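*Asks:* Need coordinates for the following:
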Amino acid sequence: IADELRQRGAVHSALVRRLAEVRAEKTLAAELGVEEGERLFLSVLLHRADGVPVQLEERWVVPAAAPGYLEQDFTRLTPSEYLLRVAPLARVDYRIEARLPTEATREALELGPGEPCLLLHRCTFSRGRAASVANLWHPGSRHRLTGHL
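*Replies:* From the prediction side, this is the model:
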């Protein structure tokens, strides 16, 4: 997200809302290929472009893939930038959905009532196994997905 915003000429900033060790619940454990109750690292960041919220990032990381994850300063580098350094990307599975956000997500992204989001759900793999799962919430009125091959 930081690179994307800089390419658009915007200034990226991030607010770390949560950085903690948590236990894997059943669905997440299955997606990451770990045991239910196994420890994971969780980060929740609010990314801004010129001070305007553009993405709420919820990310769960397998500690074996990035043991120093909780010690990082994610106001200076994004979780993606850090993970690319320590857990080289081998594969990404993703889905994109239009979703109504939870009240907490709506407030964080400064959305009006009933405003939808684009949700990018992504599971990344490194060294033959899942390394992280992320939910990337984007305000529907302030985001577009683009790309090229």
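*Asks:* can we go C-alpha only for contacts and neighbour counts from here?
*Replies:* Fine.
*Asks:* so what's the residue nearest the centre of the chain up against?
*Replies:* Centroid check for the chain by CA atoms, centre = their mean gives Glu57 as the closest residue, at 3.5 Å. With contact set as CA atoms under 8 Å, 6 or more residues apart in numbering, Glu57 has these partners: 43-47, 134-137.
*Asks:* Let me know the distance separating it from Leu136.
*Replies:* Between Glu57 and Leu136 the distance, using CA to CA, to the nearest Å, works out to 5 Å.
*Asks:* Please convert the contacts of Glu57 to TSV, extending it with pLDDT.
*Replies:* Converted to TSV, those look like this (pLDDT from 0 to 100):
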residue	pLDDT
Ser43	98
Val44	98
Leu45	98
Leu46	98
His47	97
Ala134	98
Asn135	98
Leu136	97
Trp137	97
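*Asks:* most surrounded residue in the residues you listed?
*Replies:* Neighbour tally across these (other CA atoms under 10 Å): the maximum, 28 neighbours, falls on Trp137.
*Asks:* isn't it right up against Cys117?
*Replies:* Yes - if you go by CA atoms under 8 Å, Trp137 and Cys117 touch, sitting 6.3 Å apart.
*Asks:* ok, and the helix or strand in this protein with the lowest average confidence?
*Replies:* Taking mean pLDDT, DSSP states H and E as the measure, the helices and strands of the chain show their lowest mean at helix 2-7, namely a mean of 87.
*Asks:* Off-centre distance for the helix or strand following it?
*Replies:* Counting by DSSP states H and E, the element after helix 2-7 in chain order, helix or strand, is strand 12-23. Its chain's C-alpha centre and that of strand 12-23 lie 10 Å apart, by CA atoms, centre = their mean, to the nearest Å.
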